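> Quick one, what's the 3D model for this:
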Amino acid sequence: MAPLLLVLLLVLLLAGAGLVMRVLWLVALALVAVLLIGFLFRTSAPRGTRGRRQPW
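Below is the predicted model:
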């Protein structure tokens, strides 16, 4: 009985880790998409040149 419980616990842990990894991949892809959209649609300065981002 104990080995069966250990195997079931191991399966549960691995399935949970797989779900966490999938969620982290989705979060990473969403962040990359937001960064690319922000890079592509930066506002232009009045002179027509693209403004440089300031650190403050």
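
> okay, CA-based contacts and neighbour counts for the rest of this
Fine.

> Report the secondary structure element holding the spatially most central residue of the chain.
Against the mean C-alpha coordinate of the chain, by Cα atoms, centre = their mean, the closest residue is Ala28 at 1.6 Å. Following DSSP states H and E, one finds Ala28 within helix 2-40.

> tell me the mean pLDDT over that helix?
Computed over helix 2-40, the mean pLDDT rounds to 89.

> Give me the distance between that helix and the centre of its chain.
10 Å (Cα atoms, centre = their mean, to the nearest Å).

> quick one on the thing from earlier: so who does the residue nearest to the centre of the chain touch?
Not one residue lies near Ala28 by Cα atoms under 8 Å, 6 or more residues apart in numbering.

> ok, it to Val34 distance?
10 Å (Cα to Cα, to the nearest Å).

> Repeat that for Leu40.
10 Å.

> So for the two, which sits in the more crowded spot?
The neighbour count for Leu40 versus Val34, taken as other Cα atoms under 10 Å, is higher for Val34 (12 against 9).

> check contacts around that one.
Contacts of Val34 (Cα under 8 Å, 6+ apart): none.

> can you tell me how far it sits from Val11?
Taking Cα to Cα, one finds Val34 at 35 Å from Val11.

> give me the number of residues near Ala2?
7.

> Kindly report the same for the one 5 residues further on.
Burial of Val7, expressed as a neighbour count using other Cα under 10 Å, amounts to 11.

> same question, the one 4 residues further on
When counting by other Cα under 10 Å, one arrives at 12 neighbours for Val11.
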